[in-house]
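> Here is a sequence together with a model predicted from it:
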Amino acid sequence: MEKQRTNQGITLIALVITIIILLILAGISIATLTGENGLLRKS
C-alpha cells in the first residue's frame with residue numbers, strides 16, 4: 001500500500017511540472033510570434 005501511494009504522488013508531481021513547462025514554452029512561442037519584433041510583424 002505504501003509504494004502505491006508514493007508512486008501516485010510522484011506521478012502527480014511530474015504531471016504538474018510537465019504542465020508548467022508546457023505553459024512556459026507556449027508563452028515564449030506566443031511572445032516570439034506576436035512581440036514587437038515578432039515573426040508576424042516581420043512578414
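Thanks, I have it. Residues are numbered from 1 along each chain as shown.
> Which helix or strand contains Ala14?
Using DSSP states H and E, Ala14 falls within helix 2-34.
> pLDDT of that helix, averaged?
Averaged across helix 2-34, pLDDT comes to 84.
> so what secondary structure elements neighbour it?
helix 39-42 (3 or more C-beta pairs under 8 Å, 6 or more residues apart in numbering; DSSP states H and E). To be clear about C-beta, it is placed using only N, CA and C from the backbone, and glycine gets the same treatment.
> In the helix it packs on, which residues are buried?
Residues of helix 39-42 classed as buried: none (neighbour count, 16 or more other C-beta atoms under 10 Å).
> What lies in contact with it?
Thr32, Leu33, Thr34, Gly35 (C-beta atoms under 8 Å, 6 or more residues apart in numbering).
> If we use 6 Å, what do you get?
If you take C-beta atoms under 6 Å, 6 or more residues apart in numbering as the criterion, helix 39-42 is touched by Leu33, Thr34.
> average pLDDT across it?
If you average the pLDDT over helix 39-42, you get 73.
> CA atoms only: put that helix into PDB for me.
Taking Å, rounded to 0.1, in the frame of the first residue of the first chain, the C-alpha atoms of helix 39-42 are listed here in PDB:
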ATOM      1  CA  LEU A  39       7.600  37.000 -36.800                       C
ATOM      2  CA  LEU A  40       4.100  38.200 -37.700                       C
ATOM      3  CA  ARG A  41       5.200  41.800 -37.900                       C
ATOM      4  CA  LYS A  42       8.300  40.900 -40.000                       C
END
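> what about the residue sitting nearest the centre point of the chain, distance to Leu15?
When C-alpha atoms, centre = their mean is applied to the chain, the residue found nearest the centroid is Leu22 (1.6 Å). According to C-beta to C-beta, to the nearest Å, Leu22 and Leu15 sit 11 Å apart.
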